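Asker: Sharing a sequence plus its predicted fold:
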Amino acid sequence: MLKEFKDFIMTGNVIDFAVAVIMAGALGAVINGFVSNIIMPIVGHYAGGTDFSAKKIVLDEAVMDAGGAILKPENAIMWGSWVNTIISLIIVGFVMFLLVKAYNKSKKPVVEEAAGPSELDILMEIRDSLKK
């Protein structure tokens, strides 16, 4: 059983999959950094200096004691974080589109050999030959 497991792990498909998962994680970190550190400040600038991650609708205010300790935390809908997530999704989708498009362009075109006559064509030829 150990030999079977070793054979399974050492197959090309499993190793390719492992590399793909690691690369996807690294690419995700790069894209998230790009969105957080470059795109969102630009979007915030053109939205009047707004930091979307801080935008929220407060349902219940936080309750604090006299010393400033929180007795009951604030209950809020964090819609700004959701907007950031949507923007991130759009950017990730666009980057993945560009990667797949570049990959497909780099692949060698598959040259198909010319197919012979179809069965219908052959049968029609036989019919025409028999008529003569």
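Answerer: Received, thanks. Numbers count the residues shown, from 1 in each chain.

Asker: Tell me if I'm right that residue 88 and residue 32 touch.
Answerer: Yes - judged on C-beta atoms under 8 Å, residue 88 makes contact with residue 32 at a distance of 6.6 Å. All C-beta spots, glycine's among them, are computed from the backbone N, C-alpha and C.

Asker: so the spatially most central residue of the chain is in which element?
Answerer: Using C-alpha atoms, centre = their mean, the residue of the chain that lies closest to the mean C-alpha position is residue 93, 5.3 Å off. According to DSSP states H and E, residue 93 maps onto helix 79-106.

Asker: Using PDB, write out the CA atom coordinates for whichever helix or strand comes after that helix.
Answerer: Downstream of helix 79-106, the first helix or strand assigned by DSSP H and E is helix 119-131. What follows is helix 119-131, C-alpha atoms only, in PDB (Å, rounded to 0.1, in the frame of the first residue of the first chain):
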ATOM      1  CA  GLU A 119     -19.600   7.700 -45.100                       C
ATOM      2  CA  LEU A 120     -22.400   9.500 -46.800                       C
ATOM      3  CA  ASP A 121     -20.200  10.600 -49.600                       C
ATOM      4  CA  ILE A 122     -18.900   7.100 -50.200                       C
ATOM      5  CA  LEU A 123     -22.400   5.700 -50.200                       C
ATOM      6  CA  MET A 124     -23.500   8.300 -52.700                       C
ATOM      7  CA  GLU A 125     -20.600   7.400 -54.900                       C
ATOM      8  CA  ILE A 126     -21.500   3.700 -54.700                       C
ATOM      9  CA  ARG A 127     -25.100   4.400 -55.500                       C
ATOM     10  CA  ASP A 128     -24.100   6.600 -58.500                       C
ATOM     11  CA  SER A 129     -21.800   3.800 -59.700                       C
ATOM     12  CA  LEU A 130     -24.500   1.200 -59.400                       C
ATOM     13  CA  LYS A 131     -26.900   3.400 -61.400                       C
END
